[in-house]
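> predicted coordinates and the sequence they were generated for:
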Amino acid sequence: MSSSDSILRLAIQKKGRLADGSFELLKRCGLTISHGKDKLYARVEEMPIDVLLVRDDDIPAFVADGASDIGIIGQNVYDEQRLTGDADLPEEPEMRLGFSGCRLCIAVPKGEGYDGANWLEGKRIATSYPGITQAWLKDQGINARTVVMNGAVEIAPRMNIGEAICDIVSTGATLDANGLMPVETIYRSEAILIKSPHRLSDAKQAVFDSLLKRIRGVQDSREAKYIMMNAPRSAIDEITAMLPGSDAPTILNLAGDDSKVAIHAVCRESVFWETLENLKRLGASAILVLNIEKMMA
Ligand code: ATP
Ligand code: MG
């Protein structure tokens, strides 16, 4: 077997708003990559994975034609290319990753008297996302033209290229500075993991499976807590029912006190103060909530 049949290729953004989250995710998976500024390639030390460092726009096509086996990309760019490009991309991503969140908004000049999506009927919308915008318009039953711009979309109304725009909004400061206001959120995005539709070799598939397990472990451990407490033996059932997203807890006898037990459990959802207060009301004491660093089911 040649090494290219056994080394999994992962494409990530070299630099930008997806890059930090992608590097951070790999790090939390226990993967260190040695990458220099000008390198296009980096080898992961702990697993047979090659990381391709590229522009985000290139990632869906690389993954579609198998030049890369998997990739991390913004869902907005992925869906846009899926809707308008000719690359053969599956509709559902392999996994949502929860970072690089953003939204796509329709914005119009302040003081336009926007009174709902019907206002857009027959108008021109400047955007870098014609596919997603048209899909939304269709959903709303509205006919409007999209004018494609690859940057500086917010100047379109002033230049009379469009009556409205559709663009990524984070704080809204750029819109405000250009005399625009957001009126509709039409799409929410986050980073996603995508996988090539081409069949992976058995060796690559095995690497992919263990990478997925690690990523799931990282995702699970983000919210998860390890909770410990002492509690009356009679309240075990009630307390177990109250622990958010936990599997069967461990019940331990306490030396010298038959009426009480220690309860240890992994909670997969956030543990709020309210939960702790309710546990106290059921007679729990010495409650400890600990962060979990790593987890594997
Ligand atoms: P590249 O040089 O790789 O082509 P880019 O300039 O196209 O980079 P970035 O600005 O780095 O792209 O954004 C990449 C992705 O990050 C976006 O497509 C989007 O999914 C996400 N993102 C998160 N927050 C924001 C934001 N405030 N503005 C723009 N994109 C954001
Ligand atoms: Mg880009």
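Nice, I can see it. Keep in mind the model is a prediction, meaning the values are calculated, not measured. Ligands and ions are numbered 1, 2, ... in the order given.

> quick one, helices of the stretch 1-150 of the chain?
19-28, 59-64, 75-84, 130-140 (DSSP state H, counting those that start in this stretch).

> which helices and strands sit right next to the second one?
Packed against helix 59-64, as judged by 3 or more Cβ pairs under 8 Å, 6 or more residues apart in numbering; DSSP states H and E, are the following elements: strand 8-13, strand 70-74, helix 75-84, strand 191-195. The C-beta positions use only the backbone N, C-alpha and C, and glycine is treated the same way.

> host element of the nearest residue to residue 246 once chain neighbours are set aside?
Of all residues beyond its chain neighbours, the one nearest residue 246 is residue 265 (4.3 Å), with distances taken as Cβ to Cβ, 6 or more residues apart in numbering. For residue 265, the host element (DSSP states H and E) is strand 257-267.

> now do the buried residues in that strand.
By neighbour count on 16 or more other Cβ atoms under 10 Å, the buried set for strand 257-267 is 260, 261, 263, 265, 266, 267.

> residue 30: which of the residues you listed is nearest?
residue 266 (19.9 Å; Cβ to Cβ).

> which ones are touching that closest one?
Residue 266 makes contact with 224, 225, 226, 227, 246, 247, 292, 295, according to Cβ atoms under 8 Å, 6 or more residues apart in numbering.

> which of these are buried? Put it as a PyMOL command.
Entered in PyMOL, the line below selects the buried ones among the contacts of residue 266, by 16+ other Cβ under 10 Å:
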select buried, resi 224+225+226+227+246+292+295
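
> same list (the contacts of residue 266) but as JSON lines, adding secondary structure, distance to ligand 2 and pLDDT.
Shown next, in JSON lines, are these (DSSP: H, G, I helix; E, B strand; the rest coil; distance: Cβ to the ion, whole Å; pLDDT from 0 to 100):
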{"residue": "224", "secondary structure": "coil", "distance to ligand 2": "34", "pLDDT": "86"}
{"residue": "225", "secondary structure": "strand", "distance to ligand 2": "37", "pLDDT": "89"}
{"residue": "226", "secondary structure": "strand", "distance to ligand 2": "40", "pLDDT": "92"}
{"residue": "227", "secondary structure": "strand", "distance to ligand 2": "43", "pLDDT": "94"}
{"residue": "246", "secondary structure": "strand", "distance to ligand 2": "41", "pLDDT": "74"}
{"residue": "247", "secondary structure": "coil", "distance to ligand 2": "42", "pLDDT": "73"}
{"residue": "292", "secondary structure": "coil", "distance to ligand 2": "35", "pLDDT": "88"}
{"residue": "295", "secondary structure": "coil", "distance to ligand 2": "33", "pLDDT": "81"}
